[in-house]
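Colleague: Predicted model and sequence below, questions to follow.
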Amino acid sequence: MAGPRKACPVVVRRIAGELEILAFRHPLAGCQLVKGTMEVGETVERSAERELLEESGVVGAAGNYLGTVQMSEPEQEWHFVVCDVGKLPETWTHRTSDGGGLDFEFFWYPLGQKPNDSWHPIFGRALAFINQRTTR
């Protein structure tokens with residue numbers, strides 16, 4: 001069983017030769033990447049664009065599909081899609097409309113850097129997968 005399907009929009013930038021990925025601090029659950037449940041009948045690309053807008057306020061256009069990772073605990077199928085966006089600030093806060101309205105604090109994270117304890121372990125696997133797929 002693959003579990004729920006999640007779309008993960010991947011937004012990266014290159015600064016001084018290093019790739020950085022868009023990440024955020026969840027007020028209750030630490031550092032994370034944008035991801036969300038795919039809706040019935042929704043394509044991976046459309047879901048990635050929708051989740052990026054809902055969680056960050058950023059409009060993006062789905063581009064390269066990086067692949068799928070089977071996650072466990074909880075059992076889920078994560079689909080990674082590079083999203084092209086315009087120039088974004090160094091940091092910003094976006095209030096989500098779901099979950100009672102939470103403030104997500106966005107920042108850029110060095111893609112090759114191992115996540116520290118402020119990240120849920122599942123995101124370490126996601127970051128390693130994205131790093132491997134975007135730097136080859």
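Modeller: Ah, there it is.
Colleague: Every contact and neighbour count from this point should use C-alpha atoms.
Modeller: Fine.
Colleague: so what's Val55 closest to, chain neighbours aside?
Modeller: One thing to correct before we go on: residue 55 is Glu, not Val. Of all residues not flanking Glu55 in the chain, Thr96 sits nearest, at 5.9 Å (CA to CA, 6 or more residues apart in numbering).
Colleague: Same check on Glu54?
Modeller: Thr96 (6.6 Å).
Colleague: Might one say that that neighbour is in contact with Glu105?
Modeller: No. Thr96 is beyond contact range of Glu105, at 10.8 Å (criterion: CA atoms under 8 Å).
Colleague: what residues does the lengthiest strand in the chain touch?
Modeller: In terms of residue count, the longest strand belonging to the chain (DSSP state E) is strand 61-71. Among residues not part of strand 61-71, those counted as contacts by CA atoms under 8 Å, 6 or more residues apart in numbering are 2, 9, 45-46, 48-49, 76-85, 122, 126, 130, 133-134.
Colleague: which element follows it toward the C-terminus?
Modeller: Note on strand 61-71: by DSSP states H and E, the next helix or strand toward the C-terminus is strand 76-84.
Colleague: Mean confidence (pLDDT) on that following strand, please.
Modeller: Throughout strand 76-84, pLDDT has a mean value of 97.
Colleague: secondary structure element for Leu53?
Modeller: Per DSSP H and E: helix 44-56 holds Leu53.
Colleague: what's the offset of that helix from the middle of its chain?
Modeller: A distance of 9 Å separates the centroid of the chain from that of helix 44-56, by CA atoms, centre = their mean, to the nearest Å.
Colleague: Which elements pack onto it?
Modeller: Judged by 3 or more CA pairs under 8 Å, 6 or more residues apart in numbering; DSSP states H and E, the packing partners of helix 44-56 are strand 5-10, strand 36-37, strand 61-71, strand 76-84, strand 92-95, strand 103-110.
Colleague: average model confidence for it?
Modeller: Here helix 44-56 scores 97 as its mean pLDDT.
Colleague: So what touches it?
Modeller: Residues contacting helix 44-56 (CA under 8 Å, 6+ apart): 7-9, 34-39, 58-63, 79, 81, 83, 93-97, 104, 106.
Colleague: Since that was my last question, I'll sign off now.
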